[in-house]
Every structure is written in structure tokens, then in C-alpha cells.
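Asker: have a look; sequence and predicted model below, questions after that.
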Amino acid sequence: MEGLYFEVKPRRDEPPRPGRSDKPCPNLTSNHRSCPSLSHLTSPKKLPSARKRIAAWGEKVEEEGEDEKEEEVRYKLTLIGSLPVHHLTTMAMLPWVVAEISRAQPTEEKLGGQLDPSTRNQTVFLCASASWVRCVSVLGEGVVWDPLTHTLLFECRPHQVTKLIHNSQEPSSFGCLVRDAPNCACYVFQCQDSTKVPEIISTLRQAGKSSARSDDITILSSKTSSGATFSKKFEVLFCGRVSVAHKKAPPALIDECIEKFSQLHGSGTSDKGGNSGALVGGLRRVLTLPSNGLASGAVGNGATGSPTTGKRPVLFKRDPSFPCLQALDENGLSPEISHTNTTDAHAHSTVQPTSLQENRTMLFTVGRSQIFLVSPDTKKVAIEKSFREISFCSQGIRHVDHFGFICRETVEGGNCHFVCYVFQCTDESLVDEIMLTLKQAFSVAALQQNAKTQSQQCDSCPMQQLHRLCERIEGRELSLNSRARPKSDQEENELVMVSLRNLYEERQRSHQHTLSGDKQVTFAYLSADIQDCTKRGDPCLEGGRVCVGQVTAGGSEVLSIRLVPEERTKRSKEELRELWRKAILQQILLQRMERENQKLQASESDLQNKRLKLDYEEITPCLKEVTLVWEKMLGTPGRAKVKFDAETIHAAVAQGVPRQHRGEIWKFLSEQYLLRQTVPSRPPANHTPYKELLKQLTSQQHAILIDLGRTFPTHPYFQAQLGAGQLSLYNILKAYSLLDPEVGYCQGLSFIAGVLLLHMGEEDAFNMLKFLMYDVGLRKQYRPDMIILQIQMYQLSRLLHDYHRDLYSHLEQQEIGPSLYATPWFLTAFASHFPLGFVARVFDMLFLQGSEVIFKVALSLLGSHKPLILQHESLESIVDFIKTTLPNLGLVQMEKTINQVCEMDVSKQLQAYEVEYHVLQDELLDTPPTLNQHQRAAQLERTNQSLRQQNLDLLEELQVSHARVCSLESRVEALAQSEGQLREQVSALEEEKKQLASTVIRLQDLLKGLGMHASPEGHGLPAPSERHAANRTVDSLPHPLALPEGS
């Protein structure tokens, strides 16, 4: 290949050769005899920019200028041969080209062939990665890479390897076209293990799709100023898929699919075929578990005889503009979707509905040339289909809220079938919008494709005639006069097609395109061309009968090649049982290893996401002593029911909150906030769990999807389009819109949810959003009428009037109300304009003190910048200063603002100003009518609506008060009952006391009657004279008490 140079890296175990330089030798050229047909495919203009440094084979290959390594899969194959062909060669012509390469007859030069004997039956490495495909010849095993012993036969981008052909009658061989317009060449390879051929073809197709997508994105980003690749997104419900017989379908197909899904869901099964929990199904599942297969740098020669197919290598290049795009298979399906497919066409069900217990919602994304279905649950692309694979789109007739499309998919062995994917939307209008978007996208893609390929051929082109001839020659019998007959009819057919192809390629070189031409190819062309071939004196074509035969496999025409059965030694039952046992144990071990790898990858991903989330500058560094105080409070057992000292919590928040514990501290502060509330807040009417809300569709999807890209656009966690951050944010906002239909979604909620999501998990962030909306009271300002927001603007204006009279007067002179600059402060809690470090401190105070913190922060910011604001004398300059300059205050000023907020108390003033606002509204109703009747009616209507809303608010407060009164009454009743019980116990104890006192008196009287004195403790003592007598006879008395004489 002309102009090709190599840059060689020494092996790790090989010392550098003396005099060896790291730079490529300028005089080094490639071996032109290695593959003359591909000498034109690479040039110095294209390769150096993307040239890779090739390491010793068996190691990973790294791209020049990139730090991350790209995986490469290599297969050890035998190159049967190669042949340059015309760039208009079609799939119908390809089997005859493969047959010509495979024949290896010495008459090739006579027939005008250009086969090179030096490229025949070479041992090569076919190396495939996400960016390049290489074919390298080798001299032997274990040979170190060297340009003198290893020849690079061709190198191209993966999407330039087109028209892969695999014959079922010759399973160990396959062919491909390497296209670099206007040049093209056909290569035929053979693999030692025929079971590896579908894997190789699948790997090349998958790498080609990834490479083509990367090129499309590069071209689009170079043409447009913005890097947006995907145009429109919709939320749909994935219902399932159905195998269909044809690429076109009747209009009622979608309705029939839905009925099939309903029947399967009603019967409690989705499998008609025998994939049950039986032993055979279990063994099949075990033996098709993902395994490592051919790892990076491994050489697949197919030498093993394992009954398993192993895991196909995944060649995927991550797209930074669409990070949730994971490695998909050749059909554009994720492992979660494609695992339901099985290689046995008779074993799997043709109708496959999705599980009702799983989250089936998807983001249906229509791009420039592809359709993506992104799962917000798994944060990955589940399905990717290019427009070329989709043949039919339709909407349901009876089920107008459903739609679907039919696309072509490849199964094991290279066969193709058609699958219909069915989806559900919220309503019919959304389906109409999706269908219109698809129609427009298909039309634009078709126009762009036609602009690329226009004027390449016409109906009278010789290559077009050859294509039609190859399509219609199937099954025809033609007679030629000859003096010699080839060995077989098939060989005779191949020789005819060799001559015809050479003849038509010669005609194509001198052909001039015409606007109109014959649209049908008759067999007169065939007779004339075959007669022309016989006049040229081709000895192998003289005489005999031509029987053109082909075999159709998987929808593509391939050459019929006879298969010689291989003789195999029969194994005993014990050997087979041992092989099965070994295979099952290996698969179980590989599955365990795969699980451990997934856990490690998930842990690494969580750590990386946490680092991305907390990527902001802290304004109040938290000291170690304060961190220990927080950790002690967080580690308290049963802390949700323990009421901590309010002063201690306030002091800890004022001294700082550790960033790594901020999410947990916010949950702790919310628990303390609820414990301090004497009146319980009104809970949401909908008590559906978060996971169940995610399974539903929302009518607010358009507004939410639009705001995803506007929420923290510069933060790395939310910056990536449909990345993990944006998808998690979409889940939270969607769930809340379903939880609170009155509010639904309002601009500003995305920033509140985004700040919460940066410090905690998805479900915890949703719970904290519920707390802020319902318990703290932020929900009122997001209601559709936004009356509470108007009241807040009036309250902020009155606070400015009381605390900063000169600033208030200056703003009033310029007719600047708080709504011009403070509305986003309240709706986003300062998150839309201010740095994240400052916003995090505002949220610390918000969880501690409630919604009045926003007033304090706004008042402190305006007051601290009052001298600068007073210097501006126009409305535009003042508003621009407040919106742009004010948020860029320094760390010292931010910390000073937070300290002022901790010391301020405006709760009583806010309540007074709210009452004042309602009084002013009532006074406006009593003003004399100076407006016309229509304006007066509109004003009364607005006032009536305001009063209606106030009545609703008062009714809500009345309900809360009534609930509180009922709670207090029940508490009083319980206390009264407790008091009665205690009184009864006291009475019983007093009665018992009286009885005991009377008993003591009787005992004392009895002791006196016995002549004994009672001690203060109640013990009886004898008289003194008798005590001495008792001491003298104490040993003889059986009882310690001495009785008096005569008793």
C-alpha cells in the first residue's frame, strides 16, 4: 500500500534493538505484491491523522493522542484470496465474485482476472475495533510484529466493510467488500471453526454501526454550531414486540399485536414455545450465560469444541454527547432486550410482551438518521434502529394511542426476520406528533442520502444491467456450443459469470450516464453477452449446457457450495457427561465472575457519579470538630423520633455543613422540622410509591424534556445529553407531576430537584422534594394562578421599604418591582443564577428554618450591594446588575450573607404583610368605578378568582385547625380518662391505708393486753424485770419471746 508507514513499539519482554529508532523510517514502503487490489485504499492524506501505534500482538492497541485504550478483537483466519471489483458491485453479484476467488483455477489470467497468487491461502489476523479494521498476514505463531515479516493487507474504517456474505453450505467461509469509493475489493476468508463465522460477521457489523454513528455525529457537529445530535424526544410505554412475516403489514397490525399482548397477559404467560422452567430450558439458560469469550487481544481460531457459543465481543466507542449509549448488539438491542431472543427460531415465541411488573417507560428519541429508545430506569439505550432498518410505521386504528414500526433483525446463522415493536402514548395527539416527526425525519434523511449518491448510475448502466441479470438468472438454463465441457454445471456457471462481470465492468468504465433508459433487462442481453464471450475463444466456455443455480439463505442470494461431511469419532456417554458437567461448571464460574465485575463497575460508577455531583466550590469550610458533631447526631439510634436541641442544630448549621454528608444532614433536618411542627401539614392525596409512579406516563413530558438541558447546563453531571444526571432528573420531575396533578410541572422545579439530586440518591431526592413542597410550603408558589408568588413579591417590597428605605425609593423611581428580578430567586431558591456552593448553604437554611429563608437571603443580598445599585440610574442597568453581577459575589460576601440570614427574624413581619396585601385587595374592590363595564367585569372576575383562591386557602387552614381541635379534644378526653383512673387508684390506696391503720391499732392494743411495749417499729418488748429473767433462761426457752408467769 503506497505511502504507508509503521510505528513499532517493542514488546515488554524484548530489549530494544541497537540503532533502533522510535520514529518511522521514511524510506520504508509496503510490499506492493501483498495485495495490489487494495493499494489504492489508503493514502498518506487519511491514515496519519488516525494512525495507531501497533503494539506486540496480544496486547491492547491505543490510539494516538488518546489516553484511554480501545479494545480490539483479533481472529486468526485463512485468506483464500482477494479481487478488485467495481464500486457498484451489489449483493446479487457478490456470490459469483466469491466463487471466482474460491475456484483458484490457472485460467484466471486468460479470463481477465486480477487475482494475486501471493495473497492466496495466507494465515492472517483480522483485527477489529470500534475505529478500525485491519487484515495482517503473519509468518508463524509467536512471531514478534515486524513490518518485514507482517504485511498489512488492508486497513479501513469498520463501516467501510460492507456486504458481508456467509454461505450456509460452506459455513467455514465468508466474504466481504471493502469499499472506499470509487474503489472496492472483495476478500474471502476461511475460519478453522465454522461456529465462529457468525460471531465474526456480527462483530464486524456491530463495529460498522458504531463507526458509522461516530462519522454521522462528527459530520453533524462540523456542519452545525451546536453539538446537538438528537432532535426530538417523547415518553412512550414499550408494550412488546412481535415477529412478522413481511416488511410491510396491514393497517390493523398494531391492534392485533395489542390483542395478542392482552391475551398473553391474561393467561399469565408470554412464552408459547417450550422455554419454561423445565430441565432443558434451565440447561439452555445456563449454557447461554454471558462469558468472557474472546477478550481484548485474544486470538479466536475456533479450536475449542465447547458446546457453548460464548459471549460475542462488544466493540463500542463511547459517544461523549450521548453517554447513556451503551454497547449494543448488531441488531441495536441492549442485553436486557436481546436476552429474550434465542438462536432457535422454533423455540422462542413470536409474540413477546413486556412484563407489567417492570418499568416499561422509554424515551423515544428521533435523531438525524436513527431512532433511540432510552430507558430512564437503567440509564441506558435499550433499542437503536437506523432509518435504513425500518420498513414500516403505523398507528393503531381502534387503539389510537398506540403505534409501532417494523424493522429487520439478524438471528444466529446470518438469517434475517422482521420484528414489529409496539408502543403506547398518553393520548392520540402525541401519537400524531410522533408519526409526523418520523415522516419528516425520514424525508430529510432520504433527501440527504440522495444528495450524496445522485448521478452515480442510471438505468442503462452496464453494472445496473449486470445486477438485474444476476437477480433474474436464478433457475435459468442456457445452451452454448462448445468443444470442451467443465467438470460441473456449477463451475460452468461460475466461468460464465466471470466473463460477464469482466465484460460489464469494461463497459461501465466507458459508459456515459443518461437520464432515461430501459427499465427492463431482457434475456437478449444475456444471449448477446454470452455469444460475445464465446467469440473471444474462452476454451472453458465452449459447449455444454449452463445450469445457473443459487441457494437463498436468510433473504440474501449466496453461492451454492457443496459441503463434505466431516468424520468425527463417537464419544462415550461418560465422556459426554463429563464434558457437559465441565461446561456447566465453567459457565457458572463465568457467571459469578461476571456478577463480581458488574458489582465492581457499579461501585466505580457510583464513586465517579458522586465526584461529579459534588463538583462545586464550598463557601463555608466545615471544621473537623463540627464534622464530628454532625456525625454524632447522624449516628444517633432512632434519630427520626429523637428531638434534638434546636440551639445545638442552629449552631452546627451556622458553623458549616460537610459536603460529603450534606444529603444525609438534609434528611436529618427534615426529620427535626417535622418533630417541631405542632400542626401536621396536609399530606398529598396520592400515596403511590415512587417506583410505581415511574411506570406511568405523564402529560407534562414536553415541558420536562425541554428544561432538562437548561438545568445546570455547565455542571458535568447534568451536562451530558440524556446522561445519568438528566435521566434521574427526568424521573423525579415526572414522578412529582403524577403525584401532584394540580401543580404538575412548573419552571423552576427542575433546579430544586437538581440541587437535591446532587447530594442524594434519586428516590431520596424525590422524598425531599415532597417535603419541601408539602411540609415547608413551597408548593403554593407553583400553583397555576401563582397568587402566593404575587404575595411574596409584595412582602419582599415591604421588607425593602422597612429595612432599606433609600434602596426601595431608588427602585420605585425607576419603576422596578421585585417581580423583575426576584421571581427566579423564589422559584429556584437562587439555584438558577448563583454558584452551587452558595445555593447549598441556602438549602441548609431552608431545611432548618423554612421558606422565609428566601426572603432573608434576598434582603441580605440587596442590602449588602445597596451602594453599587444606587450608582445605576436606568432600569436596564439596575436589572442587569442584579441578574448578572450580583450572583458573582465573592466567597467572603457569600459567607457574610449566610451569617446575616442566621441572625435575622422576619416571620412576624411576613405574616403582617400578607394580611396587609389581602386588605389592600379588598379596598380595591370598594373603589368607585372609573373603568368601563368590560374592564370592570374583567377586574371583578380577577378579584372573584382571587377571593375564591383565598377561600380555598382559608378552607384548607380551617381544615387544619379543625383537625388540630379534634386532636386536642381527643387528647383532653384521654387525659380526663387518665385522671379518672388515677382518682380511683388514689381512693383505693386511701381505703387501704385506713384499713392498715386500724390493723396497727388493734395489734398495739393486743400487745398492751399481753404486757408488752411496742417499739417505734411496732415490735413488742417485755418488761425490764422480766428481761433479766429471760436472759438467764434463754438457752432453755424454745422461743425467743419470754412470757410472764401465770400467763
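Answerer: That came through fine.
Asker: doesn't T162 make contact with M91?
Answerer: No - in this structure, M91 is not within contact of T162 by CB atoms under 8 Å, at 9.3 Å. Backbone N, C-alpha and C define where each C-beta goes, glycine included.
Asker: could you report the pLDDT at Q601?
Answerer: With respect to pLDDT, Q601 has a value of 86.
Asker: how about it, phi and psi?
Answerer: Here the main-chain torsion angles of Q601 (degrees, to the nearest 10) amount to phi -70, psi -40.
Asker: so what's it up against?
Answerer: Contacts here follow CB atoms under 8 Å, 6 or more residues apart in numbering; on that basis Q601 touches nothing.
Asker: what separates it from Q608, distance-wise?
Answerer: Q601 sits 10 Å away from Q608 when distances are taken as CB to CB, to the nearest Å.
Asker: L333 now?
Answerer: With distances defined as CB to CB, the gap from L333 to Q608 amounts to 26 Å.
Asker: with N167 instead?
Answerer: The value you get for N167 to Q608, if CB to CB is used, is 46 Å.
Asker: of those two, who's got more company?
Answerer: For N167 against Q608, the residue with the higher neighbour count under other CB atoms under 10 Å is N167, and the figures read 24 against 11.
Asker: correct me, but the more buried one touches S173?
Answerer: Yes - proximity of N167 to S173 meets the contact threshold set by CB under 8 Å, at 6.6 Å.
Asker: show me what the closest residue to K163 other than its chain neighbours is bridged to.
Answerer: Using CB to CB, 6 or more residues apart in numbering and skipping residues adjacent in sequence, the residue nearest K163 is L177, 4.4 Å away. According to DSSP bridges, T162, C186 are recorded as the beta-bridge partners of L177.
Asker: so how far is H810 from L177?
Answerer: Between L177 and H810 the distance, using CB to CB, works out to 76 Å.
Asker: ditto for L88
Answerer: Distance of L88 to H810, computed by CB to CB: 77 Å.
Asker: got the buried residues for stretch 92-108?
Answerer: For stretch 92-108, the neighbour count (16 or more other CB atoms under 10 Å) marks 92-103, 105, 108 as buried.
Asker: one more: stretch 177-192?
Answerer: Buried residues in stretch 177-192, counted by 16+ other CB under 10 Å: 177-180, 183-191.
Asker: the lengthiest helix in the chain packs against which elements?
Answerer: Of all segments of type helix in the chain, defined using DSSP state H, the longest is helix 933-1009. For helix 933-1009, the helices and strands in contact under the criterion 3 or more CB pairs under 8 Å, 6 or more residues apart in numbering; DSSP states H and E are helix 787-803, helix 907-925, strand 1013-1014.
Asker: identify the residues contacting the residue nearest to K163.
Answerer: 85, 89, 94, 161-163, 184-186.
Asker: next, give phi and psi for G656.
Answerer: As for G656, its main-chain torsions (degrees, to the nearest 10) stand at phi 130, psi 160.
Asker: which one of the buried residues of stretch 92-108 is nearest to K624?
Answerer: Sorting those by distance to K624 puts L94 at the head of the list, at 72.1 Å, by CB to CB.
Asker: part of a strand, is V419?
Answerer: Yes - V419: assigned to a strand according to DSSP: H, G, I helix; E, B strand; the rest coil.
Asker: give me the number of residues near it?
Answerer: Residues lying near V419 (other CB under 10 Å) number 19.
Asker: ok, it - contacts?
Answerer: By CB under 8 Å, 6+ apart, V419 lies in contact with 241-244, 406-409.
Asker: farthest pair in these?
Answerer: Between any two of the contacts of V419, the greatest separation by CB to CB is 14.2 Å, found for V242 and R408.
Asker: low pLDDT regions in the stretch 801-950 of the chain?
Answerer: 925-931 (pLDDT under 70).
Asker: can you map out the helices along it?
Answerer: Assigned helices in the stretch 801-950 of the chain, in chain order: 805-813, 823-828, 836-849, 852-864, 866-870, 875-880, 891-903, 907-925, 933-1009 (criterion: DSSP state H, counting those that start in this stretch).
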